[in-house]
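*Asks:* A predicted structure for the sequence below; I have some questions about it.
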Amino acid sequence: MKNKKAETLEDAVGRIPDGATLLIGGFGQPGVPEILIEGVCDLKRRDLTIVTNNAGTGHSGIARLIGEGCVSKLVCSFPWAKESFVFKELYDAGKIELEIVPQGTLAERMRTAGAGLGGFLTPTGVGTDLADGKQTMNVDGKDYVLEKPLPGDFALIKAYKVDPRGNLIYRKTGRNFNPIMAMAAGHTIVEVQEDVAIDDLDPEVIVTPGVFVDTYYVTGWYEIGKERKAS
């Protein structure tokens with residue numbers, strides 16, 4: 001059985017290169033893999049494209065990744081939250097590119113990538129700027145936009161428990177985008193609160209099978225949203 005456990009944070013994220021596309025889990029603060037993000041910051045990676053729900057809050061997590069100049073493009077649904085001042089400053093200065101994707105479309109584009117499909121039709125965005133440059137189709141008298149899959153080179157996600165095979169369960173709302181991102185990436189890296197023995201997880205409650213997990217790093221519990229000093 002392959003050993004998927006990384007003993008150090010650098011071991012977990014060290015293979016991420018400059019220019020990679022990262023799918024980063026979380027909805028607001030729950031489910032954001034803040035420790036993994038800090039590891040990428042410490043490596044000082046550049047020209048990353050990140051796909052996530054929002055532009056981060058305060059100076060921690062995704063906001064830190066953006067603020068330290070690691071990110072050249074952000075693909076998300078909600079970039080303009082009051083607490084997303086780091087992103088706003090860089091965007092207004094023309095230092096970061098933004099692609100806004102409606103939330104349901106964002107999730108389905110990643111799910112489509114994970115399922116190996118070529119795209120899907122949605123009425124969301126028809127007749128708006130979001131449909132510019134995209135193919136539209138009429139089906140039974142209704143217009144749809146063709147949305148293409150959204151894969152990632154890497155996924156950085158957060159889970160509650162993991163077993164040695166990489167099977168995952170999540171804690172309440174921390175689940176959010178994490179399972180579909182695990183499926184949509186070429187290499188999935190997970191930070192987990194706790195690792196358990198084989199057979200400790202009931203197969204009926206496993207959400208993400210280990211086949212979608214390449215590496216996991218055990219962080220224990222920590223306070224989400226806490227601003228940490230850069231290394």
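*Replies:* Arrived safely.

*Asks:* Excluding chain neighbours, what is closest to residue 103?
*Replies:* The spatial neighbour of residue 103 that comes closest, neighbours along the chain excluded (C-beta to C-beta, 6 or more residues apart in numbering), is residue 77 at 4.2 Å. Backbone N, C-alpha and C define where each C-beta goes, glycine included.

*Asks:* Settle this for me: residue 35 is touching residue 220, isn't it.
*Replies:* No. With contacts counted by C-beta atoms under 8 Å, residue 35 stays clear of residue 220, the gap being 9.5 Å.

*Asks:* Tell me which of those two has more neighbours.
*Replies:* A count of neighbours by other C-beta atoms under 10 Å puts residue 35 above the other of residue 35 and residue 220, at 20 against 9.

*Asks:* Against residue 141, how distant is the closest residue to that one other than its chain neighbours?
*Replies:* Spatial nearest neighbour of residue 35, chain neighbours left out: residue 219 (4.7 Å); criterion: C-beta to C-beta, 6+ apart. The spacing between residue 219 and residue 141, counted by C-beta to C-beta, to the nearest Å, is 52 Å.

*Asks:* So those two - more neighbours on which side?
*Replies:* In this view residue 219 and residue 141 are compared by other C-beta under 10 Å, and residue 219 has more residues nearby, 17 against 5.

*Asks:* just checking, the more buried one touches residue 192?
*Replies:* Yes. Taking contacts as C-beta under 8 Å, residue 219 lies within contact range of residue 192: 7.0 Å.

*Asks:* List the buried residues of the top helix by length along the chain.
*Replies:* Residue-count comparison of every helix in the chain, with assignments taken from DSSP state H, identifies helix 103-115 as the longest. Burial within helix 103-115, assessed by neighbour count using 16 or more other C-beta atoms under 10 Å, is assigned to 105, 106, 107, 108, 109, 110, 111, 112, 113, 114.

*Asks:* Which of these sits closest to residue 73?
*Replies:* For those, the minimum distance to residue 73 (C-beta to C-beta) is 14.3 Å, reached by residue 106.

*Asks:* That closest one and residue 99 touch, don't they?
*Replies:* No. Using C-beta under 8 Å, residue 106 is not in contact with residue 99, being 9.9 Å away.

*Asks:* Quick check: which ranges of the protein have low pLDDT?
*Replies:* Counting by pLDDT under 70, the chain shows low-confidence ranges at 225-231.

*Asks:* for it, what spans make up the helices?
*Replies:* Listed in chain order, the helices of the chain (DSSP H) span 9-13, 34-43, 62-67, 85-92, 103-115, 178-184.

*Asks:* Next, format the ones you listed as TSV and append distance to residue 149.
*Replies:* Converted to TSV, the helices of the chain look like this (distance: least, C-beta to C-beta, whole Å):
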stretch	distance to residue 149
helix 9-13	24
helix 34-43	23
helix 62-67	22
helix 85-92	25
helix 103-115	4
helix 178-184	8
